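>>> sequence? don't have it. structure:
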Ligand SMILES: Nc1ncnc2c1ncn2[C@@H]1O[C@H](COP(=O)(O)OP(=O)(O)OP(=O)(O)O)[C@@H](O)[C@H]1O
């Protein structure tokens, strides 16, 4: 264990070896995960301790087993294998470490990057607090010297001094606010950049299991953090600097009264803290309700076409009403706790200065006070100025909890494990186009049945392969694996003999052109959309790609041609037009590998004919994978892979499959029955997909 701790420390972890009893494991809480030593000499990781009606259970992970394999043990079974040794390990991050998880430390680290500006405003605040004593001195001198001695000269001097202080104080205050705004804006920019960057690095699986509304509303919490920094943290902390000046002055005037002021503020802070757990709980529920309401709004706007088409208005409205009512209920519940807190706090806050003054008055009346009338007024003023920042700290605690909730919400998105292969250290070799799949198997997370199972395939560079099969047979999944969208597949996928896991993902994806059935077009002109992946392209490049995709003729008929604006979701274009723009977009970067996933399904026969006529030119010099339900469009492919429930059923040219593969023949007959059986030959089915299959390169 000592050796392991040493290795962990050398790698930037905090590590503490310990001996523990079973009962202590449940108390580890946030210290988990921890490493435990087994009697056999091996090690495992305790991921979690769960409470169940039968007693606590530990969830163990074995580093030698599959990543998602867990072991659940109760007390007796753990005792039998565990020798009592535990290594507590935590990654150690410097405040300035930008790679640390998103949390309060990260936010503070970003703010501290402007430490020179913070130093300036701290100094400015010290000055301002020194000036804040000026009115107190003014009143004190007025009562002690000016009025008793009728001293007009002193009054003039005082007024001049006071005006000077006010002007200076105003200028410094304005500068301080300006610098705070500057610091918070910079922190906000860094936060926005970081959050967006991390979101882009998340795997596609995250977005498929989290609704758009949930993601956007969670990331929208950034606004609350900005508000917290701008309105609470800096204001309170800088006002707190005044205390460095005010508290010694208070004690200088009267120690007992100063102690009374501090004790009163501490009592208010404690009362505030007492409300905190309930306030936090209510706040969390309110935020959750607001998020669900927002998600419903986003989903409805997003699916408005379907809402209208299926006349779902009433359903959506009813759901919305329920969600609004829930949010309102939660807001009222939260407001009630806030209200109770204020009801307790307000009298305490107003009682404190009165109590201090009353005690001071008793002290004066009792004759045992060094106070006179002017000192009393000065003390009262000073108490007011001291209480402000002290009570501000109590309010800061409340806002801090809210901001921490917002940070945790954002962290739940941005700290999700990123896609592998985006580190910028992967292979950047240009692709030639040979694709090899060796015993590839893949199961979507949370599913039992594999989407792809035992797929062997060799696609030589420059060939065109079609993939067919019934709906749900795994055609799209194959192409997703080729794009590196999923890393947790079994077997090997290679491009030009290099494992795709070794490639830089951005490089890999920019070498593959993909056109999907429902390709998304961004808001902007047609020209911008086609050239989106290559900002340096010329109009000639865009027009050439459009021509190849069969899109040029319809674009040129549009009044503004390539400068025609595409609205969000490309609602002002037909499905076929959208599709042809998407094909042109994929062709513009001249990718070595082109994937067309039902890309022609939205095309009318005429557009499809244009595209088919161009396909030879499109396919020239690149590897093309075409998924299509319309088998007729694949007849001229170099080979066609037939998939059945994720498994390769057969591979061959059209005529071979018609002769040998019953599934292919059935699919063909369903679609082309009117052509008769002239192309089909009843025969023995040959399932060649189970072995290693390869396709000969196309004839030159
Ligand atoms: N994101 C996902 N999460 C879980 N399961 C999925 C996901 N995507 C696809 N699947 C499942 O994986 C299997 C293969 O899906 P895939 O989309 O590859 O089929 P397909 O042959 O392309 O279908 P279609 O022709 O209808 O587009 C299906 O059973 C499907 O339900």
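Yes, it's here. Just so you know, these numbers come straight off a predicted model, no measurement behind them.

>>> in the protein, which segments are predicted with low confidence?
Within the chain, the segments meeting pLDDT under 70 span 66-68, 95-99, 368-374, 421, 423-424, 569, 602, 673-700.

>>> Up against the ligand, what does it have?
208, 444, 447, 451, 469, 471-477 (C-beta under 6 Å from any ligand atom). No exception for glycine: its C-beta is placed from N, CA and C like everyone else's.

>>> Report the residue ranges of every domain in this protein.
2-91, 104-414, 518-590 (automatic domain parsing).

>>> how many neighbours does residue 255 have?
Neighbourhood size, residue 255 [other C-beta atoms under 10 Å]: 10.

>>> can you tell me which residues contact it?
Contacts for residue 255 (C-beta atoms under 8 Å, 6 or more residues apart in numbering) come out as none.

>>> Next one: it from residue 359, what distance?
13 Å (C-beta to C-beta, to the nearest Å).

>>> Tell me the residue of the stretch 101-250 of the chain that sits nearest the ligand?
At 4.5 Å from the ligand, residue 208 is the closest residue in the stretch 101-250 of the chain, using C-beta to the nearest ligand atom.

>>> between the domains of the chain, which one is nearest to residue 486?
Nearest to residue 486, of all the domains of the chain, is domain 104-414, at 7.0 Å by C-beta to C-beta.

>>> Deepest in the core, which of the domains of the chain is it.
Highest mean neighbour count among the domains of the chain (mean count of other C-beta atoms under 10 Å): domain 518-590, with a mean of 18.

>>> Could you work out the end-to-end span of that domain for me?
21 Å (C-alpha to C-alpha, to the nearest Å).

>>> got it, and stretch 43-63?
One end of stretch 43-63 sits 8 Å from the other (C-alpha to C-alpha).

>>> Which neighbouring elements make contact with the longest helix belonging to the chain?
Counting by DSSP state H, the longest helix found in the chain is helix 313-365. Packing contacts for helix 313-365, counted by 3 or more C-beta pairs under 8 Å, 6 or more residues apart in numbering; DSSP states H and E, involve helix 255-302, helix 373-414.

>>> okay, the angle between the longest one and helix 373-414?
Going back to what we said before, that points to helix 255-302. Calculated by axes from the mean of the first three to the mean of the last three C-alpha atoms, to 10 degrees, helix 255-302 forms an angle of 30 degrees with helix 373-414.

>>> can you list contacts of the helix or strand that comes right after helix 255-302?
Downstream of helix 255-302, the next assigned helix or strand under DSSP states H and E is helix 304-309. The contact list for helix 304-309, computed with C-beta under 8 Å, 6+ apart, reads 300, 312-313, 316.

>>> hmm, try it at 7 Å
Applying C-beta atoms under 7 Å, 6 or more residues apart in numbering, the external contacts of helix 304-309 come out as 300, 313, 316.

>>> Equivalent analysis for stretch 563-575, please.
The set of residues external to stretch 563-575 that reach it, using C-beta under 7 Å, 6+ apart, is 521, 523-527, 529, 558, 578, 602.

>>> From residue 525, how far off is the nearest residue to residue 591 once chain neighbours are set aside?
What sits nearest to residue 591 in space, not counting adjacent residues and going by C-beta to C-beta, 6 or more residues apart in numbering, is residue 513, at 3.6 Å. Noted for residue 513: a distance of 21 Å to residue 525, by C-beta to C-beta.

>>> Okay, strands next: where are they in the stretch 551-700 of the chain?
565-566, 593-597, 623-627, 639-644, 647-652 (DSSP state E, counting those that start in this stretch).

>>> Quick one: distance of the shortest one to the chain centre.
When you say that, I think you mean strand 565-566. Chain-centre distance of strand 565-566: 29 Å, with C-alpha atoms, centre = their mean, to the nearest Å.

>>> Name every sheet partner of that strand and say whether each one runs parallel or antiparallel.
Sheet pairing for strand 565-566, assigned by DSSP bridges, gives strand 524-525 (antiparallel).

>>> Can you tell me what sits against the strand it pairs with?
With C-beta under 7 Å, 6+ apart as the test, strand 524-525 has contacts from 562-566.

>>> can I get these in JSON lines with distance to residue 260?
As requested, those are exported to JSON lines (distance: C-beta to C-beta, whole Å):
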{"residue": "562", "distance to residue 260": "78"}
{"residue": "563", "distance to residue 260": "75"}
{"residue": "564", "distance to residue 260": "75"}
{"residue": "565", "distance to residue 260": "70"}
{"residue": "566", "distance to residue 260": "70"}
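
>>> between those residues, which is closest to the ligand?
Nearest to the ligand among the contacts of strand 524-525 is residue 566, at 25.3 Å by C-beta to the nearest ligand atom.

>>> Run through the bridge partners of the closest one.
Beta bridges link residue 566 to residue 524, judged by DSSP bridges.

>>> ok, back up a step: next, the angle from the longest helix of the chain to helix 255-302.
Put simply, helix 313-365 runs at 170 degrees to helix 255-302, going by the same axes, to 10 degrees.

>>> tell me how far helix 313-365 is from the chain's mean position?
Centroid separation for helix 313-365 versus its chain: 32 Å, with C-alpha atoms, centre = their mean.

>>> Then stretch 647-663?
Relative to its chain's centre, stretch 647-663 lies at 45 Å (C-alpha atoms, centre = their mean).

>>> Between its first and last residues, what's the separation in it?
Length of stretch 647-663, first residue to last, C-alpha to C-alpha: 13 Å.

>>> List the buried residues for that stretch?
Judged by neighbour count (16 or more other C-beta atoms under 10 Å), stretch 647-663 contains these buried residues: 647-654, 656-663.

>>> Just give the nearest non-adjacent residue to residue 352, would you?
Among residues not flanking residue 352 along the chain, residue 264 sits closest, at 4.1 Å (C-beta to C-beta, 6+ apart).

>>> pretty sure residue 626 contacts residue 596?
Yes. Between residue 626 and residue 596 a contact is recorded at 4.7 Å, counting by C-beta atoms under 7 Å.

>>> More neighbours: which of those two?
For residue 626 and residue 596, the more surrounded residue by other C-beta under 10 Å is residue 596, and the numbers stand at 28 against 23.

>>> export the helices and strands packed on helix 313-365 to a markdown table and tack on distance to residue 429?
Shown next, in a markdown table, are the helices and strands packed on helix 313-365 (distance: least, C-beta to C-beta, whole Å):
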| stretch | distance to residue 429 |
| --- | --- |
| helix 255-302 | 39 |
| helix 373-414 | 31 |
